[in-house]
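Novice: below are the sequence and a predicted model for it; my questions follow.
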Amino acid sequence: MLKTIAIRIVLGIITLWAVSVLIFAATEVLPGDVASAILGQGATPETLAVFRHELGLDRPAYVRYLEWFFNALHGDLGIAMTNKRVIVEVITPRFMNTLFLAGYAALIAVPTSVVLGIIAAINEGKFIDRFVNILSLMTISVPEFFIAYVLILYLAVQFEIFPSLSTVFPEMGFAEKIYTTALPAFTLTMLVMAHMLRMTRTSVLSIMSQPYIEMAFLKGLTRSQVIVRHALPNAAAPIISVIALNLAYLIVGVVVIEVVFVYPGVGQFMVDGVTKRDLPVVQACGLIFAGAFVGLNTVADVLAIMVNPRLRHPR
Amino acid sequence: MKLFGYKPTSTAWLGLAIITLFILVAVFADVIAPYSESESVGQTWDDPSWDFLLGTDNIGRDMLSRLIFGARMTIGVALVTTVLSFLIGTTAGFLAAVGGTAIDQILSRIVDVMLSIPLLIFALIILSVFGSSIMTLILTLAVLDSTRVFRLARAVATNLVVMEYVEAAKLRGEGLWWIMRREILPNALPPMISEFGLRFCFNFLFVASLSFLGLGIQPPYADWGGMVRDNGKAISFGLPAPLWPALAIAMMTVGVNLVVDWILSINSRPSGASAEM
């Protein structure tokens, strides 16, 4: 088992490295020169050359990649083009904010969706099952900003329960932070809950057709007892990996939500960077998001291996 | 009434009605819209009235007219993107399945790496280099989305390549292209059609999100995501202005999803992949 897990982690690291190459290639090697993109049409060849030299663009691509990669490994993500600030210093508190928001949403979403999924499975075909089903289908198919604005309209403007803008400061207390970020956290929760809920329901239900479940029924157990004691432990593996996958999605879904609620996280920073075409910032944010994504996917696989004995031996 | 020999369910009819309505609106926007796309005709965020059925937007343009013209841009871009993504993805996927191990390995590994970066992040990175003109937007999204199509096309085609009729075609001396087009494609169509609906929904939401972030379709064109962005501030005055375009987006995706559900229930073959976010 340890060997399988080790292989999976090494694969994750290789993926991460490949991703860094891809991010670098997408921004710097593709046709379409950064210098001329920033300076625009009016740039003379001389200013272009000077600017390229300033950015270090006159050196070969692989040299720049190696420099960027090793600096990133040492925690140096470069300097922002537009305001010359050190990116790591700007991005670290923002990354903490993003993690806070994602963690907050995950803490509500994971237990709620697993419990609701199990309830839906216990009451399969009944009213509550259908209600939960329709609700989750709806949250899957509407855009994230629709949910966000509906929540703002009712919870922030009409009833004034929560603030509509989630500007947080480092000095803020924990309780105050929880209160200010309630709306973005709810929105994120609704975004990721649907998928987890439906997966929980389907994996519990797919176990229900197994012979040992029939045996448990024949012993005279009630439906809820069978589900909680016999079906759930066997359905745990798919549920856990879906949860980890959705947490990876949470990290990305955060981008739009942060912009809606003007929340100072990495997502908003990245969107700003893209608007200003500040490449070092975009690269850094891209690396962080992709890293979190790959990391959570690896964790999902490792957890699945640990929970499901059938996956422990490589084929 | 039957459609292609199958009887649509009532929810499927609802979905079909929504899609048809939106497409008609998009095609005949010039005829239907009471005002033009970019003309200021009222005050900022006027209330709905007989003159302006849904009120006006942040610079006094008629909301309903903007919605009608926006349908053209938003649905059009998503549709072109999806068609292009299927052209690339299906060709590459079939090629990987038919063309032998080397091609398969190269294409699959490239796609694996691309899939390990979240789509939105990848798109943002590329748009930051090229800027968001409509052409780059469509091309970027199509190439990124085609990785998902590739996965399904390859999975479906791998199951078909081992069939006797493909073997027979190979022995007859038919070329790669002929086999892909005449033997694989017709048999791979059923799962690909429902996947087309799902991918369209995904691209549609994706274009809307990018426009909402200010990085998708650019003004002066009206598009639903951008309209949500422009009117976002109205919400803090308790005005529903940004909800209209957001509602239009939601209705379109729900409509397509209803039809896809029906198609899936007809050919309940496992599609091999569901819509990933």
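Specialist: Looks like it came in fine.

Novice: show me where chain B has helices.
Specialist: Taking DSSP state H as the criterion, chain B carries its helices at B:10-27, B:29-32, B:63-98, B:101-115, B:119-130, B:134-161, B:164-172, B:176-178, B:185-212, B:224-231, B:243-266.

Novice: actually the stretch 101-250 of chain A, not the one I typed
Specialist: A:127-141, A:144-151, A:174-180, A:182-207, A:211-218, A:223-226, A:232-260 (DSSP state H, counting those that start in this stretch).

Novice: okay, residue 217: pLDDT?
Specialist: No chain specified, so I'll use chain A. At A:Phe217, the predicted lDDT confidence score is 87.

Novice: wrong one, chain B
Specialist: Looking at B:Ile217, its pLDDT is 83.

Novice: for A:Trp68, which of the helices of the stretch 101-250 of chain A is the nearest?
Specialist: helix A:232-260 (22.4 Å; CB to CB). C-beta coordinates here come from the backbone N, C-alpha and C atoms, glycine included.

Novice: chain center to the helix or strand immediately after that closest one in the chain: distance?
Specialist: With elements assigned by DSSP states H and E, the helix or strand that comes after helix A:232-260 is helix A:266-276. In terms of CA atoms, centre = their mean, to the nearest Å, the centre of helix A:266-276 is set 16 Å apart from its chain centre.

Novice: mind listing what the closest residue to B:Ala142 other than its chain neighbours touches?
Specialist: Ranked by CB to CB, 6 or more residues apart in numbering or on different chains and with sequence neighbours excluded, the top spatial neighbour of B:Ala142 is B:Leu84, at 3.8 Å. B:Leu84 sits next to B:138-139, B:142, B:146 when contact means CB atoms under 8 Å, 6 or more residues apart in numbering or on different chains.

Novice: then A:Ala304?
Specialist: A:Ala304 makes contact with A:237-238, A:240-241, A:311, according to CB under 8 Å, 6+ apart.

Novice: out of these, who's the most crowded?
Specialist: The most neighbours of any of these, using other CB atoms under 10 Å in any protein chain shown, belong to A:Ser241, which has 22 neighbours.

Novice: surely B:Phe202 and B:Asp145 touch.
Specialist: Yes. When contacts are counted by CB atoms under 8 Å, B:Phe202 is listed as touching B:Asp145 (7.2 Å).

Novice: could you check the pLDDT of the nearest residue to A:Ala248 once chain neighbours are set aside?
Specialist: If you skip the residues right next to it in sequence, A:Ala248 has A:Leu296 as its closest partner in space, 3.9 Å away by CB to CB, 6+ apart. You'll see A:Leu296 listed with a pLDDT of 84.

Novice: just the one 5 residues further on next, same as before
Specialist: Reading off the per-residue confidence, A:Asp301 sits at a pLDDT of 81.

Novice: residues contacting the spatially most central residue of chain B?
Specialist: The geometric centre of chain B, computed from its C-alpha atoms, lies nearest to B:Phe200 (CA atoms, centre = their mean), at 2.5 Å. Residues counted as contacts of B:Phe200 (CB under 8 Å, 6+ apart) are B:78-79, B:82, B:256.

Novice: same thing but at 10 Å, please
Specialist: For B:Phe200, the contacting residues are B:19, B:75, B:78-79, B:81-83, B:85-86, B:145, B:252-253, B:256, B:260, taking CB atoms under 10 Å, 6 or more residues apart in numbering or on different chains as the criterion.
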